[in-house]
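Enquirer: Quick one, fold the following:
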Amino acid sequence: MNTPLPRCRWAQTDPTQWAYHDHEWGVPVRDSRTLWENLILDSFQAGLSWRTILLKREAFRRAFEGFAPSRIALYGESDIERLMADSGIVRSRQKIIATIRNARAYLTMQDNGEDFSAFVWSFTNNQPIKDHGDSGNPRSPQGDALSLALKKRGFSFVGPVIVHAWLQACGIINDHDTTCFRRTG
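Expert: So this is what the prediction gives:
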């Protein structure tokens, strides 16, 4: 008989979450476009379970054309209506509009020579930080500061709780529970 791996509390009951936890959550992401996609997915997750977003992730990728900021930045009202009619994604007008706004803000940063990954990682001195081993903590000083900085650059739907969850997911903050097999050191 196999002994189940000791995982973070949130990932102990569902095979979909096991796979995500074991292979993606908390793995440091340095690619700007991937960081941006993950921020958008975390924004859509607000108020919902992460499992819901995981099950709809491929539909989101299809609906938002692979999360290409250059394509999404051009979206207009007909695209918003198309997305609102897509039952494969979370149909929130506010979150869809925020995604378009965030694509434009991302591209503005790029146009100004500001690399999104370098910007994000600068909030942790370019190193993953180990929090207190409580993946249930909804905020962090880094998430609070980055949330404000993103808003100053024109991003929306990036409050401190969303940003902290995103930093955890992207391995910028290592917040695996202290008993989790993925926590190192």
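Enquirer: What number of residues are in the vicinity of Val163?
Expert: Val163: 29 surrounding residues under other Cβ atoms under 10 Å. In short, each C-beta sits where N, CA and C put it, glycine included.
Enquirer: Name the single longest helix found in the protein.
Expert: When the chain is scanned for its longest helix (criterion: DSSP state H), the result is helix 93-111.
Enquirer: Gln110 and Asp175: what is the separation?
Expert: Computed as Cβ to Cβ, to the nearest Å, the Gln110 to Asp175 distance reads 29 Å.
Enquirer: Now the helix or strand just after the longest helix of the chain: buried residues?
Expert: Next in sequence after helix 93-111, counting helices and strands by DSSP states H and E, comes helix 116-121. Residues of helix 116-121 classed as buried under the neighbour-count rule (16 or more other Cβ atoms under 10 Å) are Phe116, Ser117, Phe119, Val120, Trp121.
Enquirer: what's the pLDDT at Asn102?
Expert: What the model reports as pLDDT for Asn102 is 98.
Enquirer: helix/strand/coil for the nearest residue to it once chain neighbours are set aside?
Expert: Take Asn102 and drop its neighbours on the chain: the residue closest to it by Cβ to Cβ, 6 or more residues apart in numbering is Phe155, 5.1 Å away. Secondary structure state of Phe155, per DSSP: H, G, I helix; E, B strand; the rest coil, is coil.
Enquirer: Please report how far Phe155 lies from Gln94.
Expert: Distance from Phe155 to Gln94, by Cβ to Cβ: 14 Å.
Enquirer: Tell me the one of the buried residues of helix 116-121 nearest Gly159?
Expert: Comparing the buried residues of helix 116-121 against Gly159 with Cβ to Cβ picks out Val120 as the nearest, at 15.8 Å.
Enquirer: now the helices for the chain?
Expert: Using DSSP H, helices in the chain cover 15-23, 32-45, 50-63, 69-72, 77-84, 93-111, 116-121, 141-152, 160-169.
Enquirer: before we move on, the earlier item: neighbour-wise, which of Phe155 and Gln94 wins?
Expert: Phe155 (23 against 11).
Enquirer: So for the more buried one, what pLDDT did the model give?
Expert: Looking at Phe155, its pLDDT is 98.
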